[in-house]
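S.K.: Build me a model:
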Amino acid sequence: MPVWEYSYSPALLSFLSSHDFNGKIVIPFTTHMGSGLAGIDEKIRKMYPKATVLQGLAIRNDTAKASAAEINAWLQKLGV
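M.R.: Predicted coordinates:
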């Protein structure tokens, strides 16, 4: 999911607003240029209080292509 200026991108906000993730497992991940997760995980928890939001991952755009090991370790930690 893209983070724009420390918040949802318009496309992501539209997607989240048109789906109900209550009762679902949500795993936030993003690429960014310095904002990290930008609190998106907490915003999703507030938007969907009955969802289970797992630990997210933020990867810098400029290192994304070389991040396979980090992503795989994160997914293994989550049990995915």
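S.K.: Please report phi then psi for His32.
M.R.: His32 adopts backbone torsions of phi -160, psi 170, taken as degrees, to the nearest 10.
S.K.: Just the buried residues of stretch 23-37, please?
M.R.: Buried residues in stretch 23-37, counted by 16 or more other Cβ atoms under 10 Å: Val26, Pro28, Phe29, Thr30, Thr31, His32, Ser35, Leu37. Using the backbone N, CA and C atoms, a C-beta is placed for each residue, glycine as well.
S.K.: Show me the residues you listed that map onto strands.
M.R.: Within those, residues falling in strands by DSSP state E are Val26, Phe29, Thr30, Thr31, His32.
S.K.: List just the nearest of those to Leu12.
M.R.: Thr30 (9.2 Å; Cβ to Cβ).
S.K.: Name whatever forms a beta bridge with that closest one.
M.R.: Here Thr30 sits in beta bridges with Ala58, going by DSSP bridges.
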